[in-house]
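*Asks:* coords below, sequence missing:
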């Protein structure tokens, strides 16, 4: 792999918190390849197949869940990384792990945990990703966590940009293995964040159309979609509209990727970036959409918020999901002995107890949370259809 000078080089990695002996028997993989593989083989990654993306994970075989979304983000991220000469393996690792800290029921579950843990510093899924990968997931005999490389942990901590005021969980991870939180992340992390935007913008359009939350004519009120639809219709004038929606979505992904590549190359040249540290010291992100695409992407997001994420059927599910998580937290708080032995707090200190409960609930899948609520609290009344 020939890397650009501003790409992350595994041979120049800042290393791992715990030194590891070379093990040739485990294959000729570099540091970032090992990170990616550790993520893929981890239990939290497997749990993503039963965690909500937009629709509750047990419902609807054809809707995205966190796992399929993460795979789609990784595909887009690798494509962009390859075109820019970045490290594809690091980019893929970041894309695959970026949502690994989401609790059951997506953002509704996160809101419930944030409220329940207010007296213990709150809850943030991005910080919980670091907590999972550095403390809670322990498949190795010599250390806690997956012992990922500095570049992977840094990218996961900061893929949305520098962190001025880290939450307690992120501050804890940073205190053990400093991640330079005030600086910008490497370019692979910046690309992973934008690949996430591209994936969920377009695939949520696909899911929203499939679910009947809006019609194609509604979507065409969005400038980006209207412009793409004109080109699709010109290519396939005789094909019925319903069969062309997937083509429109593919074209939108392509348009956003092309724009990202063009704008990122322009910014790299303008900044004269010649190393990963140049990227981290830059005055602005160097991976970005153009001004026009950024505005159009915001219009698409606004449409999805109004017509999908905040649609009455989805909102009804979110309300019940928040109730389930809040009730579970209260049940464990009132009687910590209900927690599995390995999850019970080591001391009776209140903050530690609340965080232990949060750790356990945040790792749950949608269906496990539903089952535990039925066992400990009572029935779950998720509306039919979503």
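*Replies:* Thanks, I have it. Just so it is clear, the structure is predicted and the values come from calculations on it, not from any experiment.
*Asks:* Might you list the low-confidence residue ranges for this protein?
*Replies:* Scanning the chain for pLDDT under 70 picks out 1, 23-25, 57-59, 384-386.
*Asks:* make it 80
*Replies:* The model of the chain has pLDDT under 80 over residues 1, 22-26, 56-61, 347-348, 383-386.
*Asks:* Next, the contact list for the spatially most central residue of the chain, please.
*Replies:* Most central in the chain under Cα atoms, centre = their mean is residue 99, positioned 2.8 Å from the mean C-alpha point. By Cβ atoms under 8 Å, 6 or more residues apart in numbering, the contact set of residue 99 is 48, 66, 69, 70, 125, 129. Backbone N, C-alpha and C define where each C-beta goes, glycine included.
*Asks:* run the last query once more with 7 Å
*Replies:* 48, 66, 69, 70 (Cβ atoms under 7 Å, 6 or more residues apart in numbering).
*Asks:* What is the burial count for the third one?
*Replies:* Meaning residue 69. Neighbour count for residue 69, taken as other Cβ atoms under 10 Å: 24.
*Asks:* now swap in the second one and tell me
*Replies:* Under the neighbour criterion other Cβ under 10 Å, residue 66 is assigned a count of 23.
*Asks:* What is whichever strand or helix holds residue 258 packed up against?
*Replies:* Counting by DSSP states H and E, the element that carries residue 258 is helix 245-271. Other helices and strands packing on helix 245-271, by 3 or more Cβ pairs under 7 Å, 6 or more residues apart in numbering; DSSP states H and E, are helix 66-84, helix 187-211, helix 223-235, helix 291-304.
*Asks:* and those helices as TSV, adding distance to residue 252?
*Replies:* Below are the helices and strands packed on helix 245-271 laid out as TSV (distance: least, Cβ to Cβ, whole Å):
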stretch	distance to residue 252
helix 66-84	12
helix 187-211	5
helix 223-235	5
helix 291-304	8
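*Asks:* any idea how far the residue nearest to the centre of the chain lies from residue 252?
*Replies:* 21 Å (Cβ to Cβ, to the nearest Å).
*Asks:* repeat for residue 364
*Replies:* The gap separating residue 364 from residue 252 is 34 Å, by Cβ to Cβ.
*Asks:* quick one on the thing from earlier: highest mean neighbour count out of the helices and strands packed on helix 245-271?
*Replies:* Of the helices and strands packed on helix 245-271, the one with the most neighbours on average (mean count of other Cβ atoms under 10 Å) is helix 187-211, at a mean of 24.
*Asks:* tell me what it is packed against?
*Replies:* By 3+ Cβ pairs under 7 Å, 6+ apart, helix 187-211 packs against helix 66-84, helix 88-97, helix 150-158, helix 245-271, helix 291-304.
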